[in-house]
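[1] Output the structure for:
(2 chains)
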There are 2 protein chains.
Amino acid sequence: MNRLALALLAAAGLATALPAAAQFQKPEDAIKYRQSAFTVMASHFGRVAAMAQGKVPFDAAAAKANADIVATMSRLPFAAFPAGTDSGQTKAKAEIWSEPDKFRQGATTMQEAVGRLQAAANAGNLDQIKAAVGDVGKSCKACHDSYRKD
Amino acid sequence: MNRLALALLAAAGLATALPAAAQFQKPEDAIKYRQSAFTVMASHFGRVAAMAQGKVPFDAAAAKANADIVATMSRLPFAAFPAGTDSGQTKAKAEIWSEPDKFRQGATTMQEAVGRLQAAANAGNLDQIKAAVGDVGKSCKACHDSYRKD
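    This is a model prediction of the structure:
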């Protein structure tokens, strides 16, 4: 990511949500990185969701550990959508770059829902976990519907 | 990962190093997950390493943020090497499963070096960061030489 893109991100307020500004040598590095972060996030979210849905027994310690990882991962991918990473091995739609404010709002909505999931899991409250899992799932789907090709 | 594999992992003491036991429906899910975790880890390690090598200016806050992510990621991939995930889109060598104790020792060596990196970054000590980056790099290379196909 070049300095201009970073500055634009910072101006949009997005950089403040990122623990580390992204640095990618090539567009495909950014694409691979963001896909990887989403993959890890989805895997650990799936483990909490399975508990929320009664598919596996509720294990408070495992729910907390997984939700903590989801929270860490939720902050990573959005630094990896610099301009010029809309082609190649990616399902990213052009709308990510043509409506950046809306895309950023979608990311924030997801991160806030994940924050509620993490709080619920830290409290060991299964009812709150169920509600937050629903919200996180909706926020994933909303962005996928708008910004990811089938 | 089935329960037997989990039990074997637990017996080997590996599960204790993992915040969440892995659950993968298909072998390719485990392969994709572990590759993703390594990709994210490598990206953030590279950002700290670049500071250690003087390629980018030292930024204590960024070093800490990146080292924290490296530490989180370092604990994830090793739950995703269950039996039956040695073929397909993977460079994993058969030795991972034929010498599990040695493979586990390699993982532990890496995780310990990452722990030193995290401590150094949290202390904001560039000299200690440089030493730890060297140790982490060596531990990555050692496992790649032994357990990853070219």
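
[2] longest helix in chain A, by residue count?
    Once chain A is assigned using DSSP state H, the helix that runs over the most residues is helix A:27-52.

[3] by how many degrees do the helix or strand just after that one and helix A:27-52 diverge?
    Next along the chain after helix A:27-52, taking DSSP states H and E as the criterion, comes helix A:60-74. Calculated by axes from the mean of the first three to the mean of the last three CA atoms, to 10 degrees, helix A:60-74 forms an angle of 150 degrees with helix A:27-52.

[4] Can you tell me the centre-most residue of chain A?
    Residue closest to the mean C-alpha point of chain A, counted by CA atoms, centre = their mean, is residue A:74 at 3.7 Å.

[5] Now for that residue: which residues touch it?
    When the contact criterion is CB atoms under 8 Å, 6 or more residues apart in numbering or on different chains, the partners of residue A:74 are A:41, A:110-111, A:114. Quick note: C-beta positions are derived from backbone N, CA and C, even for glycine.

[6] what's near enough to touch the residue in chain A sticking out farthest from the centre?
    Distance from the centre of chain A peaks at residue A:57, with 25.5 Å (CA atoms, centre = their mean). If you count contacts by CB under 8 Å, 6+ apart, residue A:57 has them with residue A:51.

[7] Please state the backbone phi and psi of it?
    Main-chain dihedrals, residue A:57, degrees, to the nearest 10: phi -60, psi 150.

[8] for residue A:85, same thing?
    When read as degrees, to the nearest 10, the backbone of residue A:85 gives phi -120, psi 30.

[9] Count residues in the vicinity of it, would you?
    Using other CB atoms under 10 Å in any protein chain shown, residue A:85 is surrounded by 23 other residues.

[10] Around chain B, pick out the residues from chain A.
    Proximity of chain A to chain B (CB under 8 Å from any CB of the partner chain) is limited to residues A:19-21, A:23, A:29, A:32-33, A:35-37, A:39-40, A:43-44, A:46-47, A:50, A:56, A:62, A:65-66, A:68-69, A:72-73, A:76.

[11] Residue A:88: neighbour count?
    Here the number of neighbours of residue A:88 (other CB under 10 Å) works out to 13.

[12] surely it meets residue A:28?
    Yes: with contact defined as CB atoms under 8 Å, residue A:88 reaches residue A:28; the gap is 5.7 Å.

[13] next one: the longest helix of chain A to chain centre, how far?
    Helix A:27-52 sits 8 Å away from the centroid of its parent chain (CA atoms, centre = their mean, to the nearest Å).

[14] By average pLDDT, which secondary structure element in chain A comes out worst?
    helix A:3-11 (a mean of 44; mean pLDDT, DSSP states H and E).

[15] low-scoring pLDDT stretches of chain A, where are they?
    Residues of chain A meeting the criterion pLDDT under 70: A:1-22.

[16] Look up how far residue A:63 lies from residue A:121.
    Here residue A:121 is placed at a distance of 4 Å from residue A:63 (CB to CB, to the nearest Å).

[17] Give me the more crowded residue out of the two.
    Taking neighbours as other CB under 10 Å, residue A:121 and residue A:63 compare with residue A:121 leading, 28 against 25.

[18] Run through the residues that contact that one.
    Shown in contact with residue A:121 (CB under 8 Å, 6+ apart): A:48, A:60, A:63-64, A:66-68, A:129.

[19] Residue B:83: which of those is nearest?
    Residue B:83 lies nearest to residue A:66 out of these, by CB to CB, at 23.1 Å.

[20] was I right about the closest one contacting residue A:44?
    Yes: between residue A:66 and residue A:44 there is a contact under CB under 8 Å: 4.4 Å.

[21] Pull the most distant pair out of the contacts of residue A:74.
    A:41 and A:111 (10.8 Å).

[22] With neighbour numbers in mind, choose between these two.
    Set residue A:41 next to residue A:111 and count neighbours by other CB under 10 Å: residue A:41 wins out with 25 against 16.

[23] ok, that one to residue A:72 distance?
    9 Å.

[24] any common contacting residues for those two?
    With CB under 8 Å, 6+ apart applied, the contact sets of residue A:41 and residue A:72 do not overlap.

[25] from what I can see residue A:45 touches residue A:63, true?
    No: the criterion here is CB under 8 Å, and residue A:45 misses it with residue A:63 at 11.1 Å.

[26] Find out how far stretch A:70-87 is from the centre of the chain, if you would.
    The answer for stretch A:70-87 is 8 Å, by CA atoms, centre = their mean.

[27] what do you get for stretch A:136-143?
    Per CA atoms, centre = their mean, the centroid offset for stretch A:136-143 relative to its chain is 10 Å.
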